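Trainee: Sequence and computational prediction follow.
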Amino acid sequence: MSVAPYGALRPGVARGPWYHPLDDGRVQCDLCPRACRLKEGQRGFCYVRRAESNSVVLDSYGRASGFCIDPIEKKPLNHFYPGSSVLSFGTAGCNLGCKFCQNWDISKARQFDRLTDQASPTAIARDAHGNGCTSIAYTYNDPVIFAEFAIDCAVAAHELGLKNVAVTAGYITQLARPDFYAHMDAANIDLKAFSEEYYRKQCYGHLQPVLETLAWVHRETDVWLEVTTLLIPGLNDADSELGAMCEWFERNLGRDVPLHFTAFHPDFKVTDRDHTPPATLTRARNIAHSVGLNYVYTGNVDDSAGQSTYCSNCGQVLIERNRYTLGTWNLTDDATCNRCGHHLPGRFSSEPGMWGSRRRRLRIAEG
């Protein structure tokens, strides 16, 4: 197996190319739009990237908060090898500060003792392959901040015929996008809201870089793209905002990129809001359909009607789905509707995977 491009300089530490020294002695991290300007030894907003010797190093290389085998639908990806299993892992930290984060114990971690699992990219790819996974997902916290580790794992995965999935908020610079997405086969990108005020107040970030990433991935890469919006009652679920978001989506991403509306549960710093009612997800889905989007899904609720895939030409159920379990499969071997012959966009095998809704913890063995 060939040597990965950003292999660790020493245990736990790697250095990518996304930085430049400043005249005042600091170094600027160019990986994400925060452009953190760091003094020697200082950590960025994400916590895992640090200034060292006029460069920026990743301190969490080779370390993870855990490895699990999940259904691909959990990412969520509905048009990327449905029913298959994916080895999922994340590290610690994040480059956004979402008050509602559903994985806050990982993404907001400021102690490396959260990273209890250690493994090399070669070992991760080997064990994913050995356990029959179709792909590896870089998830739980945002893989943008551990890009060197994710890219090295992706290189190792491709050498064994595995696919790579980025589950991300898309908060990445124009400079770093080509390096990162060149190694990914699919991405689910969060579009957290369609409001700059929401991004600024709820996420400590900005909307425009995410929109730019979405449009760039769709237009400039072969990465299979799906998009997720977590709907929080009273914060980002107004009809006017959803309508504007879906209109932007149709203009810039087209009608065939899948969009997932998922339900919020109170967590982290947002505990004064109720769970998202299923009716809100259905309303959002109807708005998206009215704009012309073909593949719109609901998530984090029991809703087979909102989670199944339908032919955009004749309306037949192509993939019956409830949460992470598949039912009826009406696709031909070349991913066309077996009634009318219309092609379903995505990446598909001739038959659905059989992983189901299982979630299995995995220990990666070195050597």
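Mentor: Arrived safely.

Trainee: Could you pick out the longest strand of the chain?
Mentor: Ordering each strand of the chain by length in residues (DSSP state E) puts strand 224-231 first.

Trainee: Tell me the helices and strands packed up against it.
Mentor: strand 186-190, helix 208-220, helix 239-253, strand 259-263, helix 278-291 (3 or more Cβ pairs under 8 Å, 6 or more residues apart in numbering; DSSP states H and E). Quick note: C-beta positions are derived from backbone N, CA and C, even for glycine.

Trainee: if we go to 10 Å?
Mentor: Judged by 3 or more Cβ pairs under 10 Å, 6 or more residues apart in numbering; DSSP states H and E, strand 224-231 is in contact with strand 163-168, strand 186-190, helix 208-220, helix 239-253, strand 259-263, helix 278-291, strand 296-299.

Trainee: What pairs with it, parallel or antiparallel?
Mentor: Strand 224-231 has these partner strands in its sheet, going by DSSP bridges: strand 186-190 (parallel), strand 259-263 (parallel).

Trainee: Next, format the ones you listed as CSV and append distance to Leu162 and mean neighbour count.
Mentor: Below are the strands paired with strand 224-231 laid out as CSV (distance: least, Cβ to Cβ, whole Å; neighbours: other Cβ atoms under 10 Å):
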stretch, distance to Leu162, mean neighbour count
strand 186-190, 12, 24
strand 259-263, 24, 23
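
Trainee: and of the ones you listed, who's closest to Gly346?
Mentor: strand 186-190 (9.1 Å; Cβ to Cβ).

Trainee: low pLDDT regions in the stretch 101-250 of the chain?
Mentor: Along the stretch 101-250 of the chain, segments meeting pLDDT under 70 span 103-116.

Trainee: what about 50?
Mentor: Applying pLDDT under 50 to the stretch 101-250 of the chain flags residues 107.

Trainee: Got the domain ranges for the protein?
Mentor: 14-58, 64-360 (automatic domain parsing).

Trainee: Helices of the stretch 1-150 of the chain, residue ranges please.
Mentor: Listed in chain order, the helices of the stretch 1-150 of the chain (DSSP state H, counting those that start in this stretch) span 104-107, 121-130, 147-159.

Trainee: okay, these in JSON lines with mean neighbour count and distance to Ala187 next?
Mentor: Output for those, formatted as JSON lines (neighbours: other Cβ atoms under 10 Å; distance: least, Cβ to Cβ, whole Å):
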{"stretch": "helix 104-107", "mean neighbour count": "19", "distance to Ala187": "18"}
{"stretch": "helix 121-130", "mean neighbour count": "21", "distance to Ala187": "18"}
{"stretch": "helix 147-159", "mean neighbour count": "25", "distance to Ala187": "12"}
